[in-house]
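In: Please work out how this folds:
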Amino acid sequence: MGGRVMTASERILQKTLVTSGIGADEWNSIQAGFRDRAFFSARVTEIRILDVMRGSIEKSLSGNLSPSEFRKAVRETLFKTGYDAGDARGTIKDLMTKSRLDLVYNTNREMAQGFIQHLQATSEGALAAFPAYELIRAERRKVPRNWPEIWKSKGGTLYQGGRMIALKTDPIWTRISRFGIPHPPFDYNSGMDLVSVSRGECLALGVIDEKTPKQKPPKLDFNENLQATVPYKGNDKAYMKTCRHPSMPDTGPANTPGNSKTPSATRSSTRKTRRPAMSPYSGRATSSVMHLRTTRRRRQKRAARVGVSARRRQSSLLHVTR
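Out: From the prediction side, this is the model:
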């Protein structure tokens with residue numbers, strides 16, 4: 001791995017905002033590669049809310065915002081948007097509750113931090129010296145999940161003393177994950193973490209032998225051109241959205257209603273078309289398919305407009321003085 005290492009706060013800003021009224025279980029049925037690129041929260045259909053969540057979590061990862069300040073920022077936005085939890089008021093589905101906001105805060109922070117730690121732990125040098133992970137309990141829970149049983153049910157091997165150890169590139173890590181990712185968190189409030197296991201200890205335990213092939217650093221970018229459809233279940237008429245990662249080429253719409261030739265998750269074509277216009281804070285698309293713009297792109301356009309206005313003012317002043 002060469003060059004500067006990405007930070008957890010940068011990882012959060014890489015994610016594209018995706019609004020949808022579907023629940024957590026429905027989100028889990030969507031491809032892991034797509035979910036890993038998206039910033040979302042179950043049943044959140046207002047993009048302003050997600051924008052504040054993502055921005056506040058980025059600040060917290062940079063050390064500039066506390067959990068209580070995160071809750072305050074999100075609640076202020078909820079009031080402005082006229083949010084109403086309805087029958088879900090006071091439950092985990094209510095965005096106003098401390099339990100729901102803490103879940104959003106902790107899960108997204110842990111995902112960003114886990115991604116960076118996994119990135120560093122799977123470099124060529126790290127894989128040679130510490131080829132395996134061990135799943136351990138890092139925090140106590142009142143009602144802990146039975147992780148050894150989960151481990152065995154997903155095809156994992158228990159070593160001396162019931163230790164859950166596997167090579168870092170073993171698919172067991174994505175199989176035990178609720179989110180389909182090979183690093184913590186493996187479930188909501190799981191309290192589980194990973195520690196690296198040295199080559200010597202792996203040899204002693206029988207995890208590897210001298211003939212075990214050398215591991216290669218995994219490609220964590222999933223599918224660069226991956227697209228997927230997410231059903232929008234807000235108060236408006238239901239429609240389908242297509243979310244693209246900011247790094248994807250502008251390939252035009254896919255998954256339009258009535259287009260039976262386009263699967264629900266597919267690689268984008270190379271044909272370029274115009275994107276449908278959308279207000280960044282409206283929560284509505286002007287087409288049944290939309291490509292979400294990142295905050296960074298909006299800021300660049302805003303800065304460009306400000307620059308043009310400034311040059312026009314300067315030009316008019318020069319004309320008057322002449």
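In: going forward, measure contacts and count neighbours with C-alpha atoms only.
Out: Will do.
In: what pLDDT does Ala42 get?
Out: Looking at Ala42, its pLDDT stands at 92.
In: Pull the contacting residues for it.
Out: Ala42 is in contact with Ser20, Gly21, Ile22, Gly23, Ala24, Trp27, counting by CA atoms under 8 Å, 6 or more residues apart in numbering.
In: Over to Leu101. Which of the three states is it?
Out: Here Leu101 is recorded as helix under DSSP: H, G, I helix; E, B strand; the rest coil.
In: ditto for Val143
Out: coil.
In: any idea how far it is from Ile22?
Out: 27 Å (CA to CA, to the nearest Å).
In: May I see the domains of this protein written out as residue ranges?
Out: As assigned by automatic domain parsing, the chain contains the domains 1-114+221-291, 123-219.
In: Would you mind putting those into CSV with distance to Ala304 alongside?
Out: CSV is the format used below for the domains of the chain (distance: least, CA to CA, whole Å):
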stretch, distance to Ala304
domain 1-114+221-291, 17
domain 123-219, 35
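In: If you average pLDDT over each of these, which is lowest?
Out: The bottom spot among those, by mean pLDDT, belongs to domain 1-114+221-291, with a mean of 71.
In: Which residue ranges of the stretch 101-250 of the chain form strands?
Out: For the stretch 101-250 of the chain, the strands defined by DSSP state E, counting those that start in this stretch occupy 132-137, 158-159, 163-167, 192-197, 226-232, 239-243.
In: rewinding a little: in helices, which of the contacts of Ala42 appear?
Out: Assigned to helices by DSSP state H, the following of the contacts of Ala42 qualify: Ala24, Trp27.
In: Filter the contacts of Ala42 down to the buried ones, PyMOL style.
Out: Of the contacts of Ala42, the buried ones can be selected in PyMOL as follows, counting by 16 or more other CA atoms under 10 Å:
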select buried, resi 20+21+22+27
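In: In JSON lines: the contacts of Ala42, plus distance to Leu61.
Out: Output for the contacts of Ala42, formatted as JSON lines (distance: CA to CA, whole Å):
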{"residue": "Ser20", "distance to Leu61": "25"}
{"residue": "Gly21", "distance to Leu61": "27"}
{"residue": "Ile22", "distance to Leu61": "27"}
{"residue": "Gly23", "distance to Leu61": "26"}
{"residue": "Ala24", "distance to Leu61": "24"}
{"residue": "Trp27", "distance to Leu61": "25"}
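In: Determine which two of the contacts of Ala42 are furthest apart.
Out: Farthest apart among the contacts of Ala42 by CA to CA are Ser20 and Ala24. That separation is 10.7 Å.
In: Pull the number of nearby residues for Gly63.
Out: 10 (other CA atoms under 10 Å).
In: Tell me the spacing between it and Asp102.
Out: In terms of CA to CA, Gly63 sits 17 Å off from Asp102.
In: likewise Leu203?
Out: Taking CA to CA, one finds Leu203 at 41 Å from Asp102.
In: again with Glu46
Out: In terms of CA to CA, Glu46 sits 19 Å off from Asp102.
In: Compare these two and say which is more crowded by neighbours.
Out: It is Glu46, of Glu46 and Asp102, that has more neighbours when counted by other CA under 10 Å, with 20 against 16.
In: so the more buried one touches Thr19, yeah?
Out: Yes: at 6.3 Å, Glu46 and Thr19 qualify as touching, with contact defined as CA atoms under 8 Å.
In: Please list the residues outside the helix or strand that Asp51 is a member of that contact it.
Out: Assigned by DSSP states H and E, Asp51 belongs to helix 47-61. Under the criterion CA under 8 Å, 6+ apart, residues 8-10, 12-13, 17-19, 39-41, 44, 65-67, 70, 73-74, 77-78, 105, 108-109, 280-283, 295 lie in contact with helix 47-61.
In: quick check: angle from the next helix or strand after it to helix 47-61?
Out: Proceeding N to C from helix 47-61, the next assigned helix or strand is helix 67-80, under DSSP H and E. Going by axes from the mean of the first three to the mean of the last three CA atoms, to 10 degrees, helix 67-80 is angled at 170 degrees with respect to helix 47-61.
In: Could you list every helix and strand that helix 67-80 packs against?
Out: Judged by 3 or more CA pairs under 8 Å, 6 or more residues apart in numbering; DSSP states H and E, helix 67-80 is in contact with helix 47-61, helix 98-121.
In: Could you export those to CSV, including columns for distance to Thr174?
Out: Below are the helices and strands packed on helix 67-80 laid out as CSV (distance: least, CA to CA, whole Å):
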stretch, distance to Thr174
helix 47-61, 24
helix 98-121, 13
